[in-house]
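**Student:** have a look at this prediction, sequence included:
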Amino acid sequence: MRRQGTGCRKFGVIMLRSMTTFASQDVSGDGWTCAMELKSVNGRYFDVRFRLPRWMGALEDRFRRKIQEKLLRGRVDFTLQYEGEGAAKAVFDVDIGLGRSYLDATKRLCQELPLEDNLNLYEVLTLLKDVITSKEQVQDLDVVWQHLEGPLEELLDMALTMAENEGARLEKDLQGRLNKIAHLVDAISKRSGEHLHEAQEALKDRLQAILADVSIDEARFAQEAALLADKLDITEEIVRSRSHIAQFKKYLAMNGTVGKRLDFLVQELFREVNTMASKSSDPEISHLVVEIKAELEKMREQIQNVV
């Protein structure tokens, strides 16, 4: 058996995998040839569309199971062409009784009407197409499957190699953006403490300006400062953001389908940083939040392609 494909699979521990991939395989055996092609793009679920010879329809479920075992998610197009041993062949069947009835009817028409009785066999067959019918005679599909199962496995391995290479690139990009977000969250945490101190000092200055020569009630000021601190406090959002970042990294190191979980965490991070900006009312924190959201938006685009 001779095979020509796009590459070979490198086995190993896979951390992240892309849904976008492509592989093709030309195979020939003793009296038969086959060309297979597989394309996959991102999709919420697993969906495969087949382009097979009509007579091979009974094998579609076997192909589907094999493909889903390896690719898990995505919109897949699978094309196969097969010729030679095992392929369907046209078989012709003749309805003798129907043909005799047509011929008898034709002769009666010629006798009863002023028609020339010069119809030949070609004309009869051309006009009366249902006398001779054709159908596909399929050989043993189990034999065909034996020819194709091995090449199909190789084709899927090729597709996985490409998906894993793209997944490694995606993982590197996501890790870099995640690290940048972690640094920005640290900067927000630091700035949050500074902003609180500035806000409390500003509160004290306003009270002094309002009360003029009257001394400030320290107990009252402490109460107002505590209320202000509670209003501006974004500690919970910072803690949750760091937790989401840590969980994101754990998912990146996992096997299997993690794309949906990564997408959920990105949504949660969006929610936390939006709350930080609205609660703090600090221009510098708002600027840092804008930078985080820009990175999250790029991450969300990448994650749409993760299995």
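**Tutor:** Cool, got the structure.
**Student:** and residue 187, how far is that from residue 171?
**Tutor:** Distance, residue 187 to residue 171, by CB to CB, to the nearest Å: 25 Å. C-beta: built from backbone N, CA, C; applies to glycine.
**Student:** how many neighbours does residue 44 have?
**Tutor:** The burial count assigned to residue 44 is 11, neighbours taken as other CB atoms under 10 Å.
**Student:** wait, what's in contact with it?
**Tutor:** Taking CB atoms under 8 Å, 6 or more residues apart in numbering as the definition of contact, the neighbours of residue 44 are residue 73.
**Student:** could you look up the SS state of it?
**Tutor:** The three-state label given to residue 44 by DSSP: H, G, I helix; E, B strand; the rest coil is coil.
**Student:** any low-confidence regions in the stretch 201-307 of the chain?
**Tutor:** Residues of the stretch 201-307 of the chain that meet the criterion pLDDT under 70 lie in 201-232.
**Student:** show me the contacts for the residue nearest the centre of the chain.
**Tutor:** The centroid of the chain falls nearest to residue 42 when counting by CA atoms, centre = their mean (2.5 Å). Remark: with contacts taken as CB under 8 Å, 6+ apart, residue 42 is in contact with 19-20, 74-75, 304-305.
**Student:** phi, psi for it please.
**Tutor:** In this entry, residue 42 is assigned phi and psi values of phi -70, psi 150 (degrees, to the nearest 10).
**Student:** domains of the protein?
**Tutor:** Under the assignment automatic domain parsing, the domains of the chain span 2-86+140-163, 89-135, 167-303.
**Student:** apart from its neighbours in sequence, what residue is nearest residue 177?
**Tutor:** Here the nearest residue to residue 177 in space, its sequence neighbours aside, is residue 295; by CB to CB, 6 or more residues apart in numbering that works out to 4.7 Å.
**Student:** er, residue 289 actually
**Tutor:** In space, not counting the residues next to it along the chain, residue 289 is nearest to residue 277; the distance is 4.2 Å by CB to CB, 6+ apart.
**Student:** in the chain, which spans are strands?
**Tutor:** Taking DSSP state E to define them, one finds strands in the chain at 2-5, 21-29, 32-41, 46-51, 74-84, 89-94, 132-137.
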